[in-house]
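>>> the following block contains a protein sequence and its predicted model.
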Amino acid sequence: MSSVRGAESRFFQHEFKAPENRKRTALIGREMEKQMKRNLHLIVIVVCLAAIWASDQAVARSRKAPKAKKETPQQTLTTLLSWMTGYFSSAQQAQKDSDYFDIRLRTVQIWKERRDGYWLYVEQATAGSEDKPYRQRVYNIRVRDDSTFESVVYSIPEPLRFAGKWSEPDPLGPLTVDSLLLRDGCAVTLRKIGSIAFTGGTDSMGCTSDLKGAAYATSEVTISKNQIISWDRGYDADGRQVWGARKGGYVFKRVD
């Protein structure tokens, strides 16, 4: 009898709990369904993004960037002109190293009507004595071949009469090319290094000099947009240096 009552009790307990279990099962089922939909939505988004990316990559590959036009030698020469002209100073170098002087360098274009390269008038003087430059030259920069340029150097007869004339529209006045003195063997050959600089120097021992007992002089130069490094040295007949900087070239920073 007692066993019958126990069975009945368990039956009724099961029947009362069954609706609650079914509700919980249904709730779990709905949550799982929602999660599956969210996951499916994410998958669709990822697939779409991947397709868009792949499409963009295909378009990018099909649109090859046009090759940059190669600069002509004349255009490169014009760049060299713009980098060489201006007002430069070695003051920063002189402040750091007493073996170097504060030198001022001014270069202006002259004879703009000429078509045989570009012509430059150059004055070089110590700071404070710019009205008495110790070097005055005329440079003719021109194209030698597709990758090489040269700066032909000329001396000026009685140069001090033109001191400070760099600021005038026609610095050398009535002076003509025929009046200049070619410094034979002193031309500087230059080559461009990528898009950052021109570098070069004189050839061998062909630039004669008698300054301070020298037999010949050499020049090495590196020209960039805002800086010129110039290393001029004189040597005697035995190859001993008799004038010029010994540690390295003068570093001229652009002032304007």
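Cool, the structure landed. This one's a predicted model, so the numbers in the text were calculated from it and none came from an experiment. Residues are numbered from 1 along each chain as shown.

>>> now stretch 243-250 - C-alpha only, PDB.
Output of stretch 243-250 as PDB, limited to C-alpha atoms (Å, rounded to 0.1, in the frame of the first residue of the first chain):
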ATOM      1  CA  TRP A 243      96.900  74.800 -48.300                       C
ATOM      2  CA  GLY A 244      93.200  74.000 -47.700                       C
ATOM      3  CA  ALA A 245      91.300  72.300 -45.000                       C
ATOM      4  CA  ARG A 246      92.800  69.000 -43.800                       C
ATOM      5  CA  LYS A 247      89.900  67.300 -42.000                       C
ATOM      6  CA  GLY A 248      87.300  67.700 -44.700                       C
ATOM      7  CA  GLY A 249      85.400  70.100 -46.800                       C
ATOM      8  CA  TYR A 250      83.700  73.400 -45.700                       C
END
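
>>> how far out from the middle of the chain is it?
25 Å (CA atoms, centre = their mean, to the nearest Å).

>>> what does stretch 180-195 give?
On CA atoms, centre = their mean, the centre of stretch 180-195 falls 22 Å from the chain's centre.

>>> would you map the strands across the stretch 1-150 of the chain?
Per DSSP state E, counting those that start in this stretch, the stretch 1-150 of the chain carries strands over the ranges 86-89, 103-110, 118-126, 135-145, 148-155.

>>> how close does Leu180 sit to Glu158?
12 Å (CB to CB, to the nearest Å). Yep, even glycine has a C-beta here, placed from its N, CA and C like the rest.

>>> meant to ask about Gln241
30 Å.

>>> higher neighbour count, those two?
Between Gln241 and Glu158, Gln241 has the larger neighbour count (other CB atoms under 10 Å), namely 13 against 8.

>>> now do the contacts for the more buried one.
Arg233, Gly234, Tyr235 (CB atoms under 8 Å, 6 or more residues apart in numbering).

>>> so what's it bridging to?
Tyr235 (DSSP bridges).

>>> which parts of stretch 121-131 are buried?
Within stretch 121-131, the residues that count as buried by 16 or more other CB atoms under 10 Å are Tyr121, Val122, Glu123, Gln124, Ala125.

>>> stretch 248-256 too?
In stretch 248-256, counting by 16+ other CB under 10 Å, buried: Gly249, Tyr250, Val251, Phe252.

>>> for stretch 162-173, same thing?
Applying 16+ other CB under 10 Å to stretch 162-173 flags Phe162, Lys165, Trp166, Pro171, Leu172 as buried.
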